[in-house]
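Trainee: would you be able to build a 3D model of this:
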Amino acid sequence: MTSKVADIVQVDNHGRILLSHELQDMIGINPHDKLVVGVNGDALILKKQRNSVFDLQRKDVEKNALKKALMFERSIDEAGKKDMPV
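Mentor: Next up, the predicted model:
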């Protein structure tokens with residue numbers, strides 16, 4: 001793995017930062033991945049959570065199967081919310 005000294009990013013009004021594609025590629029960040037965030041002195045540490053559901057499932061399913069499963073799960077969740085008392 002190659003290392004990079006620094007990247008300058010800006011925090012938006014919602015407290016979000018945008019990581020360059022180069023940084024994302026260096027540690028293999030993909031959409032929906034989770035990052036572990038820590039603080040060391042005045043340094044913010046970001047580390048990819050290695051055992052996410054997406055990492056584990058991505059190895060064993062074809063490209064669109066995970067997307068279809070997640071969409072189905074979301075539809076079940078939404079249907080269940082309609083029956084929940086407010």
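Trainee: A helix includes Asp33, no?
Mentor: No: counting by DSSP: H, G, I helix; E, B strand; the rest coil, Asp33 is not part of a helix but coil.
Trainee: Lys48 is in contact with that one, correct?
Mentor: Yes: judged on C-beta atoms under 8 Å, Asp33 makes contact with Lys48 at a distance of 6.0 Å. Just so you know, the C-beta spots here come from the backbone N, C-alpha and C atoms, and that holds for glycine as well.
Trainee: any weak-confidence spans in the protein?
Mentor: Within the chain, the stretches with pLDDT under 70 are 1-5, 50-64, 66, 77-86.
Trainee: what ranges does it have for its helices?
Mentor: Under the criterion DSSP state H, helices of the chain are mapped to 21-27, 53-58, 63-82.
Trainee: setting aside sequence neighbours, what's the nearest residue to Lys47?
Mentor: Nearest residue to Lys47, sequence neighbours excluded (C-beta to C-beta, 6 or more residues apart in numbering): Val36, at 4.6 Å.
Trainee: got it, and Gln24?
Mentor: Asn30 (7.9 Å).
Trainee: how much space separates that neighbour from Lys67?
Mentor: Distance, Asn30 to Lys67, by C-beta to C-beta, to the nearest Å: 13 Å.
Trainee: show me this protein divided up by domain.
Mentor: Per automatic domain parsing, the structural domains of the chain span 1-49, 51-86.
Trainee: what about the residue nearest to Gln24, how many residues nearby?
Mentor: Neighbour count for Asn30, taken as other C-beta atoms under 10 Å: 12.
Trainee: repeat for the one 4 residues further on
Mentor: Taking other C-beta under 10 Å as the criterion, the count of residues near Lys34 is 14.
Trainee: which non-adjacent residue is nearest it?
Mentor: The nearest residue in space to Lys34 (C-beta to C-beta, 6+ apart) is Gln49, at 4.3 Å.
Trainee: hang on, the earlier thing: tally of neighbours for the residue nearest to Lys47?
Mentor: A count of neighbours around Val36, defined by other C-beta under 10 Å, yields 10.
Trainee: my guess is it meets Gln49, correct?
Mentor: Yes: Val36 lies in contact with Gln49 (C-beta under 8 Å); the separation is 5.4 Å.
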